[in-house]
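Participant: sequence and computational prediction follow.
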Amino acid sequence: MQEIITLSISPKEASGEKFYRLIAAQKLGIDIKQIRFIRIIKKSFDARHKEIIVNLSLQVFIDEDAPGEVYKKFEYPFAGNKEPVIIVGAGPAGLFAALRLIELGKKPLILERGKEVSERKVDVAQISRNGKINPDSNYCFGEGGAGTFSDGKLYTRSNKRGNLQRIYEIFHYHGAGEEILFEAHPHIGTDKLPEIIINIRNTILQSGGEIFFNTRITNLYIESDIVKGVITQSREIIKSKAIILATGHSARDIYKMLFEHQIALEPKQFAMGVRVEHPQELIDQIQYHRNQHNEYLPPASYSLTEQVNGRGVFSFCMCPGGFIVPSATEQNQVVTNGMSASKRNSPFANSGIVVEIKEEDFFQFNDKGVIAGLAFQEQLENIAWQNGGRSQVAPAQRLDDFVRGRNSSSLPKISYFPGAISSPVHHWLPDKLSSALREGIKKFDKKMHGFLTNEAVVLGVESRTSSPLRIIRNKDTYCHINVEGLYPCGEGAGYSGGIASSAMDGENCAEKVVEKLNNN
């Protein structure tokens, strides 16, 4: 017999099966020896009150052995002799599109501008060590996409577009820990993601798919509004009846190429701001309402949002126990992002604090049409580079100084490895961004007393929260509205945000491609 039960217990009681197994037996009114197997289905923390509670949903096997295969396995048939489909980009959208194509009997050909993950690590390390940026291999470009070296958060609100649990199960099948299957805010960790990405690559290759690294797309091969293939930087033409375009939100050369060829794009809402870092201990004290560390509690996180003069100001990509990384893709930019290892054991907590961007903010770029927002992003990243000493050293300011509009005579210790230089961030940020951020942070402090402190630091700029453009596709077929055979996909196309929703969009695109090809 199997029972599903929910327990509301202390963090210590939830920390190990030896504790919650006994509590489960007591709740069910059975002897603990009758429980043959028990597993967590859902786990969440409730820190709204002084006494923190963990809610556990458990599947309990009573006088019955667990099935031989507790977790789902996936079958990927050989597709090397099947019809090929080109996928541009090996981020989560591209990789999951490839896996789904294999399941549905098509051969994926992945073209990735960057390097495979092991070689990519070398280029990523060079950014922090000497500020050297390879424009095709960095924190944004390369095998696994931006997610590989940027934390691995899987939480998303986009499950209306697909089976989110299936995405978690595929990650688990390829090596992610079982906790991603039941935690309320699942997180893989940047230390574990590379190996998982390699496992996904091996599945694709063993199933007959092909992956070409260091292969940047410079153009589309189109005849009579029908895409026939792609053109690479070496001028090679690779043909296919369907192209899944999954380039990520930092592939600005792709946006500009599409714009030049009058392939339909539209502006999309986006946000920019700064990255704010606190001591993790301080965030724990605020969120857990206690000064003493509890070994059974994870590093605390936060999610904040406010309205300031008709603009949203909100936290983005919050990384408890994390560190800040340089995410520029060109030499004359400074771009910040955050990540955490699987254990989230850094002494720092960081988050993007960003402001909703409106068209009036980049009126000076109106002559650029639909890519005006892109130009605004680039301008702000260049300003940050100039104020950071024209290197990957980031301009920074203590948080209370930033809000009060005064210079910081010194900076606290921070996690950002390239280093920081004191700079009047409040002054050189565009006024509407700066004023909205400062007022928003004041409001955040009313929700999280102690958030506004000079123990925290502001680093600029957080500009790559999402794409400022959408590559327009038909909502039913997922095909581009005026180029037959082109399937814009994932975060770069403007249809997802983050790893899990991008992976779902990749699967959805693959299904639409197969449906079209099979009906021809």
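Facilitator: Structure received.
Participant: do you know how far the residue lying closest to Asp63 once chain neighbours are set aside is from Gly152?
Facilitator: Excluding the flanking residues, the one nearest Asp63 by C-beta to C-beta, 6 or more residues apart in numbering is Gln34, at 5.4 Å. Heads up, the C-betas are built off the backbone N, CA and C, glycines and all. Per C-beta to C-beta, to the nearest Å, Gln34 is found 38 Å from Gly152.
Participant: what about the helices in the stretch 351-500 of the chain?
Facilitator: Per DSSP state H, counting those that start in this stretch, the stretch 351-500 of the chain carries helices over the ranges 372-387, 399-404, 425-428, 431-447, 490-493, 499-519.
Participant: domain assignment for the protein?
Facilitator: Per automatic domain parsing, the domain ranges recorded for the chain read 2-62, 84-267+470-519, 271-462.
Participant: what's the span of the first one, first residue to last?
Facilitator: What it means is domain 2-62. Length of domain 2-62, first residue to last, C-alpha to C-alpha, to the nearest Å: 6 Å.
Participant: any idea how far apart the tips of stretch 398-407 sit?
Facilitator: 8 Å.
Participant: so what's the gap between that stretch and the chain middle?
Facilitator: Chain-centre distance of stretch 398-407: 29 Å, with C-alpha atoms, centre = their mean, to the nearest Å.
Participant: now do it: everything it contacts.
Facilitator: Residues outside stretch 398-407 that contact it (C-beta atoms under 8 Å, 6 or more residues apart in numbering) are 274, 276, 278, 397, 408, 411-412, 422, 424-427, 437-438, 441-442, 452-458.
Participant: quick one: the strands in the stretch 301-450 of the chain?
Facilitator: Here the stretch 301-450 of the chain has its strands, by DSSP state E, counting those that start in this stretch, at 305-308, 311-319, 322-326, 336-340, 348-356, 394-398, 420-422.
Participant: between strand 322-326 and the fifth one, find me the angle.
Facilitator: Orientation check (axes from the mean of the first three to the mean of the last three C-alpha atoms, to 10 degrees): strand 348-356 against strand 322-326 gives 60 degrees.
Participant: what pairs with strand 348-356, parallel or antiparallel?
Facilitator: strand 271-279 (antiparallel), strand 311-319 (antiparallel) (DSSP bridges).
Participant: quick one, it and strand 336-340 angle?
Facilitator: Calculated by the same axes, to 10 degrees, strand 348-356 forms an angle of 140 degrees with strand 336-340.
Participant: before we move on, back to that, of the strands of the stretch 301-450 of the chain, which is nearest Ser128?
Facilitator: Ser128 lies closest, by C-beta to C-beta, to one member of the strands of the stretch 301-450 of the chain: strand 322-326, at 6.5 Å.
Participant: ok, the closest one: who's next to it in the sheet?
Facilitator: Those paired with strand 322-326 in the sheet (DSSP bridges) are strand 336-340 (antiparallel).
Participant: wait, what's in contact with Ala79?
Facilitator: Leu101, Ile102, Gly105, Lys106, Lys107, Pro108, Ser207, Gly208, Gly209.
Participant: coming back round to it: drop anything exposed from the contacts of stretch 398-407.
Facilitator: Among the contacts of stretch 398-407, those classed as buried by 16 or more other C-beta atoms under 10 Å are 274, 276, 278, 397, 408, 411-412, 422, 424-426, 437-438, 441, 452, 454, 456-458.
Participant: Ala251 versus Ala93, what's the distance?
Facilitator: As judged by C-beta to C-beta, Ala93 and Ala251 stand 12 Å apart.
Participant: phi, psi of Val122?
Facilitator: Main-chain torsions, Val122, degrees, to the nearest 10: phi -60, psi -40.
Participant: measure it to Gly145 for me?
Facilitator: Applying C-beta to C-beta, the value for Val122 to Gly145 is 18 Å.
Participant: pull out the buried residues from the biggest strand by length in the chain.
Facilitator: Determined from DSSP state E, the single longest strand within the chain is strand 35-46. Neighbour counts over strand 35-46 (16+ other C-beta under 10 Å) mark Ile35, Ile38, Ile40, Lys43, Phe45 as buried.
Participant: export the residues you listed to CSV and tack on distance to Tyr478?
Facilitator: CSV is the format used below for these (distance: C-beta to C-beta, whole Å):
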residue, distance to Tyr478
Ile35, 46
Ile38, 41
Ile40, 35
Lys43, 34
Phe45, 37
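Participant: what is the burial count for Asp63?
Facilitator: A count of neighbours around Asp63, defined by other C-beta atoms under 10 Å, yields 11.
Participant: and it, how close does it get to Leu28?
Facilitator: For Asp63, the distance to Leu28 equals 11 Å [C-beta to C-beta].
Participant: possible to save the helices of the stretch 351-500 of the chain as a markdown table with distance to Pro267?
Facilitator: Conversion of the helices of the stretch 351-500 of the chain to a markdown table gives the following (distance: least, C-beta to C-beta, whole Å):
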| stretch | distance to Pro267 |
| --- | --- |
| helix 372-387 | 6 |
| helix 399-404 | 29 |
| helix 425-428 | 25 |
| helix 431-447 | 17 |
| helix 490-493 | 14 |
| helix 499-519 | 20 |
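Participant: of all those, which one is nearest Asn350?
Facilitator: For those, the distance to Asn350 is smallest for helix 399-404, at 11.6 Å, taking C-beta to C-beta.
Participant: quick one: average pLDDT of that closest one?
Facilitator: If you average the pLDDT over helix 399-404, you get 98.
Participant: pull out the buried residues from that helix.
Facilitator: For helix 399-404, a neighbour-count test (16+ other C-beta under 10 Å) marks Leu399, Asp400, Asp401, Phe402, Val403 as buried.
Participant: stretch 215-233 now?
Facilitator: Thr215, Arg216, Ile217, Asn219, Leu220, Ile222, Val227, Lys228, Gly229, Val230, Thr232.
Participant: just the closest of those to Gly322, please.
Facilitator: So of those, ranked by how close each gets to Gly322 (C-beta to C-beta), first place is Arg216, at 30.4 Å.
Participant: for the stretch 101-250 of the chain, what spans make up the helices?
Facilitator: Applying DSSP H, counting those that start in this stretch to the stretch 101-250 of the chain gives helices spanning 117-130, 164-173, 193-206.
Participant: nearest to Asn382, of those helices?
Facilitator: When those are compared by C-beta to C-beta, helix 117-130 sits nearest Asn382, at 16.9 Å.
Participant: pretty sure Lys432 is touching Phe363, no?
Facilitator: No. Under the criterion of C-beta atoms under 8 Å, Lys432 makes no contact with Phe363, lying 11.4 Å away.
Participant: the residue nearest to Asp63 - how many residues pack around it?
Facilitator: Around Gln34 there are 14 other residues, counting by other C-beta under 10 Å.
Participant: give the contact list for it.
Facilitator: Counting by C-beta under 8 Å, 6+ apart, Gln34 has contacts Ala25, Ile62, Asp63.
Participant: now swap in Glu306 and tell me
Facilitator: So Glu306 contacts Gly312, Val313, Phe314, Gly440, Lys443, Phe444 (C-beta under 8 Å, 6+ apart).
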